[in-house]
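Undergrad: sequence-free structure coming up:
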């Protein structure tokens, strides 16, 4: 059995404040017995303040892979597997990125592949989806818009991932905001994608998200843990906090795939 936690929380430009919030979330997850904690996209440095016209002078701080902040994050993680989002500096390029680590070091990294229109001016796109081994099982990471595309999660599942960590800074609709968050189109889509990506690949999915506001955007929260049948096992709704669920990941996946095993029944030659 493994206990998985997905966080809804707000993070901004102040890295010291962000690390203090990470420390509190890790402490809360540890108290809940979690072995895996998935923090939101842009945990370190916050997300863009304007998705339609990002100000090049007000972007999140860009961190290279050797930045001391990751050693501090690993120290906080200790025995726990922790996934967190940040802005990665790589030469002249910047990436919307995620790292998965423990106190022993980095287990995996991901650069967001699918960039919505506003992000194209701020980030370069990643170009691959790779699963990696961790103390809680083989995992893969998606960031925000990546989970809109079925091929993203499918690539990780075909690479053996049993747990998908989906890190988001997912706002309410920018063009057609509903009066109540639960009625917002993006709120429905966020939950739909989480459940669909888990069910179609018969894997466990831990979905984190930012809360609060950044610039003109208001974030949804709605962190959750989803089982391999698409069932929501734990959720935060729109509030900040942790969604925590305990399950035997290999056993639940085996049960979901006992009669209909989607990955074994693919027909690649029939698809465009």
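TA: Here it is on my side, so go on. These numbers come from a predicted model, not from an experiment.

Undergrad: Can you give me the separation between the residue nearest to residue 256 when sequence neighbours are not counted and residue 194?
TA: Counting by CB to CB, 6 or more residues apart in numbering, residue 228 is the residue found nearest to residue 256 once chain neighbours are left out, at 3.9 Å. For glycine as for every other residue, the C-beta is placed from the backbone atoms N, C-alpha and C. Per CB to CB, to the nearest Å, residue 228 is found 13 Å from residue 194.

Undergrad: Residue 10 and residue 220 touch, don't they?
TA: No - Residue 10 is beyond contact range of residue 220, at 11.8 Å (criterion: CB atoms under 8 Å).

Undergrad: what residues do the two have in common as contacts?
TA: Shared contacts of residue 10 and residue 220, defined by CB atoms under 8 Å, 6 or more residues apart in numbering, comprise residue 211.

Undergrad: Who are the contact partners of the spatially most central residue of the chain?
TA: Nearest to the geometric centre of the chain sits residue 167, at 1.4 Å (CA atoms, centre = their mean). Residues in contact with residue 167 (CB under 8 Å, 6+ apart) are 38-41, 43, 83-85, 98, 141-144, 208.

Undergrad: Now with 7 Å, please.
TA: Applying CB atoms under 7 Å, 6 or more residues apart in numbering to residue 167 gives the contacts 38-41, 83, 85, 98, 141, 143, 208.

Undergrad: burial of the residue nearest to residue 256, as a residue count?
TA: Using other CB atoms under 10 Å, the number of residues around residue 228 comes to 22.

Undergrad: any idea whether it is helix, strand or coil?
TA: Recorded secondary structure, residue 228: coil (DSSP: H, G, I helix; E, B strand; the rest coil).

Undergrad: Would you map the strands across the stretch 101-250 of the chain?
TA: Counting by DSSP state E, counting those that start in this stretch, one finds strands in the stretch 101-250 of the chain at the ranges 105-111, 132-134, 137-143, 163-167, 204-207, 209-210, 213-214, 217-218, 224-226, 232-235, 241-247.

Undergrad: Reformat those strands as JSON lines; add distance to residue 256.
TA: Converted to JSON lines, these look like this (distance: least, CB to CB, whole Å):
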{"stretch": "strand 105-111", "distance to residue 256": "24"}
{"stretch": "strand 132-134", "distance to residue 256": "21"}
{"stretch": "strand 137-143", "distance to residue 256": "15"}
{"stretch": "strand 163-167", "distance to residue 256": "13"}
{"stretch": "strand 204-207", "distance to residue 256": "10"}
{"stretch": "strand 209-210", "distance to residue 256": "25"}
{"stretch": "strand 213-214", "distance to residue 256": "37"}
{"stretch": "strand 217-218", "distance to residue 256": "35"}
{"stretch": "strand 224-226", "distance to residue 256": "12"}
{"stretch": "strand 232-235", "distance to residue 256": "13"}
{"stretch": "strand 241-247", "distance to residue 256": "11"}
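
Undergrad: among those, which is nearest residue 74?
TA: Nearest to residue 74 among the strands of the stretch 101-250 of the chain is strand 105-111 (6.5 Å), distances taken as CB to CB.

Undergrad: Now for residue 82, how many residues are close by?
TA: 28.

Undergrad: and it, what does it touch?
TA: Applying CB under 7 Å, 6+ apart, the residues contacting residue 82 are 26, 37, 39, 73, 101.

Undergrad: cool, and residue 109?
TA: Counting by CB under 7 Å, 6+ apart, residue 109 makes contact with 97-99.

Undergrad: Lovely, talk soon.
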